[in-house]
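A.B. asks: Based on what follows, work out the 3D shape:
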Amino acid sequence: MYTKQALRELGVAPAGVTEAQKRQFEEQGFFTVERILTASDLEAMRAESLAGSAAQSPAVRKSAAAARSRLPTRVVRHSP
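C.D. replies: Just a heads-up that it's a prediction; the model follows:
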């Protein structure tokens, strides 16, 4: 998926991307878009991650659990 398509699917209009974000993307290959995922989006992603890790080896499951425990827990709602 291309960047423009991904942003469009997330509801981010090109005019909503700041010059600083564009510069960061050019320099580092990524930029942060805040207030995109809802609490239910994050919960669905966590559930999917848990289901995927359950099919992995015990060492992979332990590593995935440790990584999830470091995920930020603050959720900011996206306003359409």
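
A.B. asks: Which strands and helices lie in contact with the longest helix seen in the chain?
C.D. replies: Across the chain, the helix with the greatest residue count (assigned by DSSP state H) is helix 39-54. Based on contacts counted as 3 or more Cβ pairs under 8 Å, 6 or more residues apart in numbering; DSSP states H and E, the elements that helix 39-54 packs against are helix 58-69. The way it works is simple: take the backbone N, C-alpha and C, and place the C-beta from them, glycine included.

A.B. asks: Point out where this protein drops to low pLDDT.
C.D. replies: For the chain, the stretches with pLDDT under 70 are 1, 53-57, 60-61, 64, 68-80.

A.B. asks: where does V12 fall, helix, sheet strand or coil?
C.D. replies: With DSSP: H, G, I helix; E, B strand; the rest coil as the basis, V12 sits in coil.

A.B. asks: looking at this protein, which residue ends up farthest from its center?
C.D. replies: Distance from the C-alpha centroid of the chain peaks at P58, with 25.1 Å (Cα atoms, centre = their mean).

A.B. asks: ok, now how distant is it from A47?
C.D. replies: Here the criterion is Cβ to Cβ, to the nearest Å. By it, P58 lies 20 Å from A47.

A.B. asks: Check R23 too.
C.D. replies: If you go by Cβ to Cβ, the gap between R23 and A47 works out to 36 Å.
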